[in-house]
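Colleague: Quick one: sequence and predicted model below, then my questions.
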Amino acid sequence: MPLNVPNLLTWLRIVLIPLMAGVFYLPDGWLAPSEANLLAAAFFGVAAVTDWLDGYLARALGQTSAFGAFLDPVADKLMVAAALIVLIDLDRVAPLIALIIIGREITISALREWMAKAGKSASVAVSFVGKLKTTAQMIAIVLLLYFEPVAGVPVSTIGSVLIWIAAVLTLVSMVYYLVMAARALQKS
């Protein structure tokens, strides 16, 4: 395992997962609900930024590695799945949303692995709709973790709308990747 800044940022993202979730399950009186919301949103927000930053730095510094390519998507999936499970427990996200998002992540991860073994990994490279889905999902999760209104702005409502948009984009991106994979396999 190469020890470099991008990989350390990915490990930081993994370490932040139990911190983000754990603030909601501390003994009563340790944190006020608003403090738990703020800490969880901050932990997830930092993790989301490292998701972008580790990839950027790996390319910019020429520090890409097979280990980083493996660990980065694992950290992303763990981070999102953990946050969605916590949000279901807090009754802030519908279980259907989590099933759509987590199910898509598992499906596309398996598809990418299969396509890589078939020598067709370029056919399921990250697309614009995938990036849009990730952006909507990350912002929505931060807002739903924070949940408190800010200067009269209903953060929870905006987060709820965004998570539904992310779920729709999740399905659209899954169909896109499946179609791209099918076309690549038909050509061979």
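Modeller: Received the coordinates, thanks. Numbering: from 1, shown residues only.
Colleague: Can you tell me the element the closest residue to Ala48 other than its chain neighbours falls in?
Modeller: Distances taken as Cβ to Cβ, 6 or more residues apart in numbering put Met138 closest to Ala48, at 4.3 Å, once the chain neighbours are dropped. For the C-beta atoms, the positions are set from N, CA and C on the backbone; glycine is no exception. Met138 belongs to helix 128-146 when assigned by DSSP states H and E.
Colleague: For that helix, buried residues please.
Modeller: 129-130, 133-134, 136-146 (16 or more other Cβ atoms under 10 Å).
Colleague: ok, so of those, who is nearest Glu35?
Modeller: Lowest distance from Glu35 to the buried residues of helix 128-146 (Cβ to Cβ) belongs to Tyr146, with 11.2 Å.
Colleague: In contact with that closest one, which residues?
Modeller: Asn37, Leu38, Ala40, Ala41, Val155, Gly159 (Cβ atoms under 8 Å, 6 or more residues apart in numbering).
Colleague: Point out where this structure drops to low pLDDT.
Modeller: Along the chain, the parts satisfying pLDDT under 70 run over 1.
Colleague: So for it, the centremost residue is which one?
Modeller: Val80 (4.0 Å; Cα atoms, centre = their mean).
Colleague: Enumerate every residue touching Val61.
Modeller: Rather than Val, residue 61 is Leu. Asn4, Val5, Pro6.
Colleague: got a markdown table for those, with secondary structure, distance to Val46 and neighbour count too?
Modeller: Below are the contacts of Leu61 laid out as a markdown table (DSSP: H, G, I helix; E, B strand; the rest coil; distance: Cβ to Cβ, whole Å; neighbours: other Cβ atoms under 10 Å):
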| residue | secondary structure | distance to Val46 | neighbour count |
| --- | --- | --- | --- |
| Asn4 | coil | 19 | 18 |
| Val5 | helix | 15 | 13 |
| Pro6 | helix | 16 | 24 |
